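1. Coordinates for the following, if possible.
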Amino acid sequence: MIERVELIEVESRLEQRLAEEQTARLKAEEAAQLAQGKSNDEICKLRKDVESAQRETAELREEYENSWCAIL
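-> Prediction:
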């Protein structure tokens, strides 16, 4: 009879531990998804910045080349 009570207590502790670990895993997954979303947003912003800088560089290069020819 004592063994049965002990088994029930062990089972109860294990179920509680499982529930705690599942909760911790869900929180970790949510944090990872949030971090991934922020990372994706930052990557998108940086790509736009690079594209803008490339366009500006091309425009300035063209202006420089055209002004250089006018001086000659």
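
2. Where do the helices of this protein begin and end?
-> Using DSSP state H, the helices found in the chain span residues 2-71.

3. for this protein, what are the low-confidence residue spans?
-> Low-confidence segments of the chain, defined by pLDDT under 70: 68-72.

4. Give me the most central residue, it.
-> Nearest to the mean C-alpha position of the chain, by Cα atoms, centre = their mean, lies Q36 at 1.7 Å.

5. quick one: that one and E21, what's the gap?
-> The gap separating Q36 from E21 is 22 Å, by Cβ to Cβ, to the nearest Å. Backbone N, C-alpha and C define where each C-beta goes, glycine included.

6. just V10 next, same as before
-> Noted for V10: a distance of 16 Å to E21, by Cβ to Cβ.

7. same thing with E62?
-> The gap separating E62 from E21 is 61 Å, by Cβ to Cβ.

8. and if you look at L60?
-> 57 Å.

9. Check S52 too.
-> Taking Cβ to Cβ, one finds S52 at 46 Å from E21.

10. Over to C44?
-> Going from C44 to E21 by Cβ to Cβ gives 35 Å.

11. Check M1 too.
-> Using Cβ to Cβ, M1 is found at 31 Å from E21.

12. Who has more neighbours out of these two?
-> Between M1 and E21, E21 has the larger neighbour count (other Cβ atoms under 10 Å), namely 10 against 5.

13. which residues touch Q36?
-> Contacts for Q36 were tallied using Cβ atoms under 8 Å, 6 or more residues apart in numbering; there are none.

14. and R55, how many neighbours?
-> 10.

15. same check, this time on the one 10 residues further on
-> Other residues within reach of E65, judged by other Cβ under 10 Å, total 10.

16. try S39
-> The number of residues packed near S39 is 10, by other Cβ under 10 Å.
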